[in-house]
Structure formats: C-alpha cells, structure tokens
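Chemist: Give the three-dimensional model of this entry:
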Amino acid sequence: MAYTLLATHKTDARGNRDGYIAAMMGLMEAHKNIVHIDCDLMGCINAGKLLKAFPERTFNAGIAEQNAVGVAAGMAATGMIAFVHSFGCFASRRCFDQAFLSAGYSKLPVHIIGSDPGVTAAFNGATHMPFEDAALYMTAPDAVVIDSCDYVQTKSLTEKLADVQGLSYMRLIRKEFQTIYGDDSEFEIGKGVTLKTGNDVTIIASGIMLDEALKAEEQLDAEGISATVIDMHTWKPLDEELVRKAAAETGCIVTAENHQASCGLGSAVANVLAKECPVPLERVGIQERFGQVGPREFLMEEYHLLAADIVAAAKKAIARKKGNNR
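Modeler: Numbering: from 1, shown residues only. Below is the predicted model:
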C-alpha cells in the first residue's frame, strides 16, 4: 500500500463512478469470467463503456435488484465473478435477502456497488437516500464493506475486490467529490491509512467525510490542537490494529461518516474500543433521521456532517479524556 496525499479540497473533474468503470475495463479485459450486471442505471455510472467493450458479459437486469442479485449469485456459482450496481437504497434494502443468502451464505463472489450513498443522493430525496445501507451488509458474516472517497481509491479497491471470494458491498459516490489522493496511490482492503499524525485526538473518517476530517484537522491545528486523521475506507473487516494504536497514542477518538452513526463506522470502532481499549468516543454522522430533498451542501449542514461538527466533537472527546464532561 502506497499513497500520495493531495487533499486540495477541490472537486475532481472526474467522476468517482469513472474510477469504478476504469477498474472494470481492466478487470474484464484481463479476466474472462468477470461480469457486470446493472439495474437500468448504466447511464448513471457510465457502464455503457462496459456494454460496448464486453457486450457478452455486461447485462441490464432492469429495475429488479432482487432478481439481479439472484442472477449474479447463479453466475458466480458457475465460476463467474459478478459485480452488480444499483442506487445504494435499492442495492441494500431492496435485495438484502438475496445478497445475504444467495451470495453471502453460499460464499460466492458477488460484489454489490451501491451508488449515491447518504446525502450524496441529494435531489433524489428521502426514498433514494440510504443512511443504513452499509449497516445491513455489515451484519452478513465475512462480508467486505467499503466506503471509498475518490476516483483513485475507488479504482484501486474495485481491482482488489475481484480477489475477494465472497460477498462485498461498496458505497460509490458518483460525482462531485473532493480529490484526496494522487493517481499513483494504491490501497488494501481492510487496511486503514493514516493521513495526519497528532497527539490530542484521532479522527477516523471515510467517503465524503474524509475531506471534512482533513479540514477539521486544519482548524484544530490553528487552535493548537493536534489531531491524527485516519482514512478507514474499509468498515469490514475493520483495521482493528490501527484503531487500538490510535486509542493508545491519542486517548480519544472521533468517527465521521455519511451514514447512521449508530450502526456504521462509528459502531464498528466502538466495538473495538469497548472490547480492548476503552477511551472516549464521539460519533459524527446521521443521528436517527430519515433523508430529505436538497443540495448536498444544505444536507451536510442539516445533518451536521461538516468540518465544524467534527471540530466540536473532537473538543468534546478531549474534554472527556481530561475528565471534564461539561
């Protein structure tokens, strides 16, 4: 694993979806047993490129996610490696029984891509705004769950998923994300990345919250507070060793996720801390709410997903560490 940190807080001209497609073009060229199945959303992730290049291995299952996952599992049972895409709300709630049993229980290589996670669904509104998608897949034994942050990370982790012999779920921001990494970066499933090193508090984030975490670190540094920032792109299997190390070195942790805070990255980190190294933990994320319609900027403020919210949580965690709970 090697990376170059850019973190310019600028929107990438590429789409995150294009990182997925670039990886799939290479994978499908190199491996004749890899297929892509879409749920009438090829245009949303530019999968038309796959259809043109590999028409015999690119399928449109229509608006029928349950059937799509069943078909994927059937193909996987014959030796194929199946990738399935739909919006995150449908790629999780709609087809979870098929994913859990037909793919997970059967230990088949079915890799489900859920696009527009959390507030990135924006104007598609509450019906299309999954705040609990990753939580469902985290309940499946041995499943891999990923929340990627940018083009380069999505491309790298998609390539790694082809070697996973079982069920996986990756949250995919389609577009309008901030570039974090340089194009030479590579990542490993299950291994977090330490982007900043500090002494006072650790911020563990992923997806769109990673850029907010880096902004928060800059704001804290300006106030004389030293923060470690970790990109925990894989929620399951979690990099428990890195969590324990962070807890020992800084003595308190803040998690930041574009997801229900009670059942996602924050809860995964909490499980490690409670079991092995109890330290104060503050969780920034969706707090038991449903989605709504609006631009992402409004939604991030409405649901308290901004750098300022991470800064406030960090200060609270530090105060708790020092025994001042006020």
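
Chemist: And the helices in this protein?
Modeler: Using DSSP state H, the helices of the chain run over 16-30, 42-45, 48-53, 65-77, 88-89, 96-98, 133-138, 151-161, 209-222, 240-250, 265-276, 296-302, 307-321.

Chemist: Just say which of those helices is most tucked in.
Modeler: Highest mean neighbour count of these: helix 88-89, a mean of 26 (counted as mean count of other Cβ atoms under 10 Å). Heads up, the C-betas are built off the backbone N, CA and C, glycines and all.

Chemist: Let's test this: mean pLDDT of that helix, rounded?
Modeler: Taken as a whole, helix 88-89 carries a mean pLDDT of 95.

Chemist: Can you tell me what sits against it?
Modeler: 114-118, 121, 127-130, 133, 171-172 (Cβ atoms under 8 Å, 6 or more residues apart in numbering).

Chemist: Which elements pack onto the lowest-mean-pLDDT helix or strand in the chain?
Modeler: Averaged element by element with mean pLDDT, DSSP states H and E, the chain has its least confident helix or strand at helix 42-45 (a mean of 90). Counting by 3 or more Cβ pairs under 8 Å, 6 or more residues apart in numbering; DSSP states H and E, the packing neighbours recorded for helix 42-45 are helix 16-30, helix 48-53, strand 110-115.

Chemist: still on that earlier bit, which of the helices of the chain sits closest to Thr8?
Modeler: helix 209-222 (9.5 Å; Cβ to Cβ).

Chemist: Distance from the chain centre to the least confident helix or strand of the chain, please.
Modeler: 19 Å (Cα atoms, centre = their mean, to the nearest Å).

Chemist: Where does pLDDT dip in this protein?
Modeler: 324-326 (pLDDT under 70).

Chemist: What sits closest to Ala82 if chain neighbours are left out?
Modeler: Distances taken as Cβ to Cβ, 6 or more residues apart in numbering place Ala72 nearest to Ala82, at 3.7 Å, with adjacent residues excluded.

Chemist: do the same with Cys39
Modeler: Closest to Cys39 by Cβ to Cβ, 6+ apart is Ser86, at 3.9 Å.

Chemist: That neighbour: neighbouring residues, count only.
Modeler: When neighbours are counted by other Cβ atoms under 10 Å, Ser86 registers 28.

Chemist: So what sits opposite it in the bridge?
Modeler: Bridge pairing for Ser86 (DSSP bridges) gives the partners Gly114.

Chemist: wait, it sits on Asp116?
Modeler: No: between Ser86 and Asp116 there is no contact under Cβ atoms under 8 Å: 9.9 Å.

Chemist: so what's the nearest residue to Ala248 once chain neighbours are set aside up against?
Modeler: Nearest non-adjacent residue to Ala248, counting by Cβ to Cβ, 6+ apart: Cys277, 6.5 Å away. Cys277 makes contact with Val243, Arg244, Ala247, Ala248, according to Cβ under 8 Å, 6+ apart.

Chemist: and those residues, which two are the farthest apart?
Modeler: That would be Val243 and Ala248, which, of the contacts of Cys277, are the farthest apart (Cβ to Cβ) at 9.8 Å.

Chemist: Glu282 reaches Lys316, doesn't it?
Modeler: Yes: in this structure, Glu282 is within contact of Lys316 by Cβ under 8 Å, at 5.4 Å.
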